[in-house]
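*Asks:* below are the sequence and a predicted model for it; my questions follow.
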Amino acid sequence: MIDGTAVLETVNLGKRYRRKWGLQDCTLTIPKGRVAALVGPNGAGKSTLLRMAAGLDQPSVGNLRVLGESPTSGSGDLKERVGYLDQERPLYKSFRVAEMLRFGAKNNPNWNMAVAQEHLAQLDIPLRSRIGNLSGGQQAQVALTLCLAKEPELLLLDEPAAALDPVARDELLRILMRQVADCDSSVLLSTHSLGDVVAICDYVVVLAHSRVVLSNDTEYVLESHRILSAVHDGDLLPPPGVSVINSQSSTRGQSLLVRVELPIDETQWRVERPTLEEIVLAYLREGSPGAKDRHSHDDEGLGE
């Protein structure tokens, strides 16, 4: 069933490259109006998912809906509603910046030239400069400008801040926040930086070993997880009403990152609130297929 409030929905989605799966058993729903982070190590399937959502790759199995439609190479209307920034930043290096903007205007009916020019002016990128003479970070900003000027309903960004210095990265995050507020856009961005997730994202999707291991609102994720630690001589059973995501033991005791379903009243355990980074890292550690089988009950209620 297609959710009218979802900008992206997948059911058992998979992409196979010969003998290897780039993405497998992917079921998730990204609600409208969110800035969603796609987090995971290299090879986890982040770029594969974004390319399929942009209509550049076709799924091997499963279902995919973007803004209620199936993205295909011929879906022109959907391409006008979606902005996609590839990790490779494809630009015509011999073009001047102004020529790239005119190219964008010619190919996008909803193009807003004022937005493009204002964005580049704020970044001190001259319109007369040739793309090939710009730094890597400046080229990334021009590529992002082409996406923003489309004023799309959904922005798909593959590592948008990878080539940016800290000041430019901060500016990018503020631009994305403003885009969501001013144009009612939704954003799905892949990133290696959990700092970016904490700064602007209100939804998080964690991919590990080509599978979704966590998908939900960041606020809910933070409120539904705890770190339990105890100093003891032997094994101590977890309290009732928790699902163990990751456990670490030493001669001094044990520490568990858990998802909580009931208040924890047992005095043997010290209860602390984890950071989003600690939660994400715990799911990444337990994201292998074997760990998925061991903790299959942990994913209930987190996929959609």
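*Replies:* Arrived safely, thanks for sending.

*Asks:* tell me where the stretch 51-200 of the chain has helices.
*Replies:* Assigned by DSSP state H, counting those that start in this stretch, the helices in the stretch 51-200 of the chain fall at 76-81, 97-107, 113-122, 136-148, 166-183, 194-200.

*Asks:* quickly compare those helices and say which is most buried.
*Replies:* helix 136-148 (a mean of 21; mean count of other CB atoms under 10 Å). Where you see a C-beta, it was placed from the backbone N, CA and C, and this is true even at glycine.

*Asks:* chain center to that one: distance?
*Replies:* Relative to its parent chain, helix 136-148 has a centroid offset of 19 Å by CA atoms, centre = their mean, to the nearest Å.

*Asks:* next, the angle helix 166-183 makes with it.
*Replies:* 0 degrees (axes from the mean of the first three to the mean of the last three CA atoms, to 10 degrees).

*Asks:* show me what helix 136-148 is in contact with.
*Replies:* Here helix 136-148 makes contact (CB atoms under 8 Å, 6 or more residues apart in numbering) with 83-86, 89-91, 97, 100-101, 104, 115-116, 119-120, 123, 125, 131, 134, 155, 157, 160, 162-165, 168, 172, 175, 179.

*Asks:* could I get that helix in CSV with only the CA atoms?
*Replies:* What follows is helix 136-148, C-alpha atoms only, in CSV (Å, rounded to 0.1, in the frame of the first residue of the first chain):
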residue,chain,number,x,y,z
GLY,A,136,36.5,20.6,-5.8
GLY,A,137,34.4,22.2,-3.0
GLN,A,138,33.2,25.0,-5.4
GLN,A,139,32.3,22.5,-8.0
ALA,A,140,30.3,20.6,-5.4
GLN,A,141,28.5,23.8,-4.5
VAL,A,142,27.6,24.5,-8.2
ALA,A,143,26.3,21.0,-8.6
LEU,A,144,24.1,21.4,-5.5
THR,A,145,22.9,24.8,-6.8
LEU,A,146,21.6,23.1,-9.9
CYS,A,147,19.6,20.8,-7.7
LEU,A,148,18.2,23.5,-5.4
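
*Asks:* among the helices of the stretch 51-200 of the chain, which comes closest to residue 36?
*Replies:* helix 194-200 (9.5 Å; CB to CB).

*Asks:* got the CA positions of the closest one in PDB?
*Replies:* Output in PDB follows, covering the C-alpha atoms of helix 194-200 (Å, rounded to 0.1, in the frame of the first residue of the first chain):
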ATOM      1  CA  LEU A 194      27.100  11.500  12.200                       C
ATOM      2  CA  GLY A 195      27.700  15.200  13.100                       C
ATOM      3  CA  ASP A 196      25.600  16.200  10.100                       C
ATOM      4  CA  VAL A 197      22.900  13.800  11.200                       C
ATOM      5  CA  VAL A 198      22.700  15.400  14.600                       C
ATOM      6  CA  ALA A 199      22.800  18.900  13.200                       C
ATOM      7  CA  ILE A 200      19.900  18.900  10.800                       C
END
